[in-house]
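Chemist: A predicted structure for the sequence below; I have some questions about it.
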Amino acid sequence: MIHTDVIIIGGGHAGVEASLAASRLGCKVTLCTIDPDKIGWMPCNPSIGGPAKGQIVAEIDALGGEMGRAADLTSIQIKILNRSRGPAVQCLRSQNDKYDYKTHMQTRISEDPNITLCSEEVYGLLFEGETVIGIQTKSGKDIASKSVVITTGTFLNGIMHTGLDQSPGGRVDEAPAESLSQSLRKHFRLGRLKTGTPPRLEHSTIDYTKMTLQPGDNEFLHFSFKTNYNTHYKNQLPCHLTRTTTETHNIILSNLERSPLYSGIIKGSGPRYCPSIEDKVMRFKDKDSHHIFIEPEDKNFTSIYPQGLNTSLPSDIQEAFLKSMPGLEDARILKWGYAVEYDFVYPDQLKPSLETKAIQGLFLAGQINGTSGYEEAAGQGLVAGINAGLHAQNRPAFILKREESFIGTLIDDLITKNIYEPYRMLTSRSEYRLLLRQDNAIFRLSERAYKTGLLGDNYITHIRHQKSQVDGFKKSWKKTSTPEAFIKLFKLKQKVPIGTLAKRPEFFITHLLEEGLVSRETKENAERALVEIKYEGYIEKQQLDIEKVKKFESKPLKNIDYYEIHGLKKESQEKLSKYKPKNIYEAQRIAGINPADLMILIGIFEKKIRLREPKPPTHQTHPKPPQYQVS
């Protein structure tokens, strides 16, 4: 029998981060995947980041992960989204060359001396009581290990749908994992979910003159703190924007009976925040059109990805509705869109470490836990890989809390709330989003990563230097008066500290650059300092709220009529009455209960405390002592 420390099943985004994380801890890792050429593959849109997802990528990077670095090295376009809004919701998104991306990840895996590849299908798990002790491959090979991480994506009992045609598989030309699904069903409650992908188009058959140009940002941007300044941004490729039309919608609505989604063939729930085009047309019948982003999948324009056109309609209907859209009238389809239905494990059966409650040493990560998206999968894979490695070394688990990371919020939501559709991370899901920005991820998480063994001395030294520079800017700006140019520009009556002026919404980093107060080399850390100054009051309040919740989270909620509590939304009153949380901690984990609701509940305890406190003695007036006249 072969022996190893950690076994990873699956080589997608979760499997790659899990393998590399366990390796960084010094564990011997066996990565099992049927096709090694698909390691790090981007089967859907080859893009990284976006709202909330960009924050996750930054946190993966801060914990030593690879996704951000890979995205920087293989991007063909990069931009900041939500520039007109606050830093808490601003985020990076890159379009990537899917071939270069997988090559980078495969190179990282193959060059890691602690990782061994096993190119076989995993037939089942090996147990000793309620502890996993290894796996058995389809060929009958047994591999013993101290921990096992399953990251099978959409392959558990996967079925693909195009129109009313079905075929087994997790992706085109890739077989499903049926036996492993049967093995898991003996120990866990399994459900069924669905995801989809659009058709792929031939670049030369698209008329881009009928579309709106979508360029990248003309400046150096990056996900990873390991990425040095470069001019790669000067060679970005364009994306374009087109739209569906009334004709498009009519074609789709007239053929819904041929959709497996609407004919009842597909039983699994699809992603609400990334719906199929037929679902969008049905749900939003008042809309004349929907945006469709036309994005290259690689630098050679081998294929084009029409983002927003996920579909499982038959091929002839796909061809018809594509030709009804501006610029796609003559588009040739390289690959038809399809839907995938697959098994998942209800994630309330997991611990915060992503270890299963029922089986010791068994960890799950990615779409098997009911999530969607590369970033969500990679974040889970990282945590599962870390904890599988720590378990193999008999060390305490590494837990990310929701108040310190988006990954922590993601995991906390998964293990405490009902999952009835593929979970997608949104900025609004975090009540602490002002604190959990993309720009400060390395400062929030790197020290813990270093102590755990996930970051080396050179990386933590670099991060500490950056933190020192941010603190230096903040300290200096509080003492340094504004230059003469600012007095006129901002119509000041007198000089004020730069730190005071920086709180104004109309004050930007460009003002400091123009006056030579910040250089190109220090611009990034100056921007971080500027954000912290602007949000200083809000951040302090959010920190106080976090401490208040921690202080009261164990207080029992007994005999409370939530309908009598003024200020609670009706929805919150109904959910609290239905679930009857035992304390604030449990109330916090009910879907839909927001920080304002918690503050109202905490106010009840604070009022009780005030009522119990002894009242200060009332001031009594005494008669003045007699006045004696001295002779």
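Modeler: Alright, I've got the coordinates.

Chemist: E219 belongs to a helix?
Modeler: No - under DSSP: H, G, I helix; E, B strand; the rest coil, E219 sits outside any helix and is assigned coil.

Chemist: for it, give me its contacts.
Modeler: Y233 (CB atoms under 8 Å, 6 or more residues apart in numbering). In short, each C-beta sits where N, CA and C put it, glycine included.

Chemist: any idea how far L350 is from it?
Modeler: Distance, E219 to L350, by CB to CB, to the nearest Å: 41 Å.

Chemist: same check on H290?
Modeler: 36 Å.

Chemist: so which of the two has more stuff around it?
Modeler: The neighbour count for H290 versus L350, taken as other CB atoms under 10 Å, is higher for L350 (24 against 16).

Chemist: verify the contact between the more buried one and I415 for me.
Modeler: Yes - assessed by CB atoms under 8 Å, L350 is found in contact with I415 at 5.1 Å.

Chemist: all the strands of the stretch 501-631 of the chain, residue numbers only.
Modeler: Applying DSSP state E, counting those that start in this stretch to the stretch 501-631 of the chain gives no strands.

Chemist: okay, and for it, where does confidence drop off?
Modeler: Low-confidence segments of the stretch 501-631 of the chain (pLDDT under 70): 591-592, 608-631.

Chemist: output the longest helix belonging to this protein.
Modeler: Counting residues, the longest helix found in the chain (DSSP state H) is helix 457-479.

Chemist: buried residues, that helix. List them.
Modeler: Buried residues in helix 457-479, counted by 16 or more other CB atoms under 10 Å: 459-460, 462-463, 466-467, 469-470, 473-474, 477.

Chemist: SS state for I487?
Modeler: helix.

Chemist: distance of it from T480?
Modeler: For I487, the distance to T480 - CB to CB - is 14 Å.

Chemist: neighbour count for the two, which is higher?
Modeler: Using other CB under 10 Å as the criterion, I487 and T480 rank with I487 on top: 16 against 13.

Chemist: quick one, what contacts the closest residue in space to the more buried one that isn't next to it in sequence?
Modeler: Leaving aside its sequence neighbours, I487 sits nearest to K495 (CB to CB, 6 or more residues apart in numbering; 6.5 Å). Residues counted as contacts of K495 (CB under 8 Å, 6+ apart) are 481-482, 487.

Chemist: okay, K495: pLDDT?
Modeler: You'll see K495 listed with a pLDDT of 91.

Chemist: give me the low-pLDDT residue ranges for the chain?
Modeler: Using pLDDT under 70, the flagged stretches of the chain are 270-273, 591-592, 608-631.

Chemist: what's in contact with stretch 61-68?
Modeler: By CB under 8 Å, 6+ apart, stretch 61-68 touches 13, 16-17, 20-21, 24, 48, 57-58, 60, 69, 105, 108, 222-227, 374-375, 378, 382, 386, 441-442, 444-446, 449, 454-455, 459.

Chemist: filter those residues down to the ones in helices?
Modeler: Members of those lying in helices (criterion: DSSP H): 13, 16-17, 20-21, 24, 57-58, 60, 69, 105, 108, 374-375, 378, 382, 386, 441-442, 444-446, 449, 459.

Chemist: could you flag which of those residues are buried?
Modeler: Among the ones in helices among the contacts of stretch 61-68, the ones that count as buried by 16+ other CB under 10 Å are 13, 16-17, 20-21, 24, 57-58, 60, 69, 105, 108, 374-375, 378, 382, 386, 441-442, 444-446, 449, 459.

Chemist: re earlier: need the buried residues of helix 457-479 in TSV (columns: distance to I206).
Modeler: Converted to TSV, the buried residues of helix 457-479 look like this (distance: CB to CB, whole Å):
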residue	distance to I206
Y459	43
I460	47
H462	43
I463	44
Q466	43
K467	46
Q469	46
V470	45
F473	46
K474	49
W477	49
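
Chemist: which among those residues gets closest to L410?
Modeler: Of all the buried residues of helix 457-479, I463 has the smallest distance to L410: 23.1 Å, by CB to CB.

Chemist: OK, contacts around the closest residue to the closest one other than its chain neighbours?
Modeler: What sits nearest to I463 in space, not counting adjacent residues and going by CB to CB, 6+ apart, is S446, at 4.7 Å. If you count contacts by CB under 8 Å, 6+ apart, S446 has them with 62-63, 455, 459-460, 463.

Chemist: could you rerun that using 7 Å?
Modeler: Applying CB atoms under 7 Å, 6 or more residues apart in numbering, we find S446 in contact with 62, 455, 460, 463.

Chemist: list just the nearest of the residues you listed to K555.
Modeler: Using CB to CB, the contacts of S446 come closest to K555 at A62, 33.2 Å.

Chemist: ramachandran angles for G191?
Modeler: Backbone torsions of G191, given as degrees, to the nearest 10, read phi -120, psi -170.

Chemist: please read the previous query as pertaining to R192.
Modeler: Per-residue torsions, R192: phi -130, psi 130 (degrees, to the nearest 10).

Chemist: what helices and strands are in contact with the longest helix of the chain?
Modeler: Applying 3 or more CB pairs under 7 Å, 6 or more residues apart in numbering; DSSP states H and E, one finds that helix 457-479 makes contact with helix 441-452, helix 498-501, helix 523-534.
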